[in-house]
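S.K.: just coords:
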């Protein structure tokens, strides 16, 4: 099966900028208390439900995965970019990181109790989002939790250069209402939604959606 162009472009671009990206955004989550509140609530709900395997897809340099691990979750990260995976392994050796695509996870059916896509669904072409959410549904056990984070909007932001490197990166802004509809279509029930205004260095509002796979 031929790999979609948007996956090839995303992988190649993040391989090129991995080190500079990790340095630029190191610790950024510590300045976003509302975002951290959603992550922490996700971790609490997973623990309260008895725990089990959790995956962050599009884990990048690994900070979010490492935060969830520090909160006692059995979590590992998956990323398209081998360079990002190498950085995550270097900086967070206590956590497992693997190469892979969220569009075709190397996991069995109902293998997870939780899945996080933290600003990573934004790199999936709009026409591929429904199938990606269906893949999340496949790997989550009944009652499993899904946490999404994304920028709010309608028009994509495209880059051909970043950190002095040629790239081909599309950041697809998403509407929470559309994401909620697609989640329902995929067999999820939305549990919570939060939107916040753009902060320093951000150009759009940000959204966080917590959903549960129907039992």
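M.R.: Everything's here; your move. Given the structure is predicted, the values throughout are model-derived calculations rather than measurements.

S.K.: please count neighbours and contacts with C-alpha atoms only from this point.
M.R.: OK.

S.K.: how many residues are close by residue 209?
M.R.: 20 (other Cα atoms under 10 Å).

S.K.: so it, which state does it fall into?
M.R.: Secondary structure for residue 209, judged by DSSP: H, G, I helix; E, B strand; the rest coil, is strand.

S.K.: centroid-wise, who is the farthest residue in this structure?
M.R.: Centroid-distance maximum for the chain: residue 164 at 24.9 Å, with Cα atoms, centre = their mean.

S.K.: and that one, how far from residue 13?
M.R.: Separation of residue 164 from residue 13 (Cα to Cα, to the nearest Å) stands at 12 Å.

S.K.: could you list the low-pLDDT ranges of the chain?
M.R.: 1 (pLDDT under 70).

S.K.: all strands of it, in order?
M.R.: Using DSSP state E, the strands assigned to the chain run over residues 53-57, 74-79, 96-99, 112-118, 140-151, 157-162, 165-171, 188-196, 206-213.

S.K.: with distance to residue 25 added, can I get those strands in a markdown table?
M.R.: Below are the strands of the chain laid out as a markdown table (distance: least, Cα to Cα, whole Å):
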| stretch | distance to residue 25 |
| --- | --- |
| strand 53-57 | 18 |
| strand 74-79 | 17 |
| strand 96-99 | 19 |
| strand 112-118 | 14 |
| strand 140-151 | 16 |
| strand 157-162 | 13 |
| strand 165-171 | 16 |
| strand 188-196 | 19 |
| strand 206-213 | 17 |
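
S.K.: excluding chain neighbours, give the residue nearest to residue 169 in space.
M.R.: Excluding the flanking residues, the one nearest residue 169 by Cα to Cα, 6 or more residues apart in numbering is residue 159, at 5.2 Å.

S.K.: so who does that neighbour touch?
M.R.: Contacts for residue 159 (Cα atoms under 8 Å, 6 or more residues apart in numbering) come out as 167-170.

S.K.: among those residues, which one sits closest to residue 127?
M.R.: Distance to residue 127 across these (Cα to Cα) is lowest for residue 170, with 13.6 Å.

S.K.: does the closest one touch residue 158 like I think?
M.R.: Yes. Judged on Cα atoms under 8 Å, residue 170 makes contact with residue 158 at a distance of 4.4 Å.

S.K.: neighbour count winner among those two?
M.R.: Comparing residue 170 with residue 158 by other Cα under 10 Å, the one with more neighbours is residue 170, at 18 against 12.

S.K.: these two touch, right, residue 92 and residue 62?
M.R.: Yes. The pair residue 92 and residue 62 qualifies as a contact (Cα under 8 Å) at a distance of 7.1 Å.

S.K.: neighbour count winner among the two?
M.R.: Using other Cα under 10 Å as the criterion, residue 92 and residue 62 rank with residue 62 on top: 27 against 17.

S.K.: how about the nearest residue to the more buried one, chain neighbours excluded?
M.R.: Spatial nearest neighbour of residue 62, excluding adjacent residues (Cα to Cα, 6+ apart): residue 88 at 4.8 Å.

S.K.: residues contacting the one you found?
M.R.: Counting by Cα under 8 Å, 6+ apart, residue 88 touches 60-63, 97.

S.K.: TSV for these, including distance to residue 107?
M.R.: Output for those, formatted as TSV (distance: Cα to Cα, whole Å):
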residue	distance to residue 107
60	19
61	22
62	20
63	22
97	14
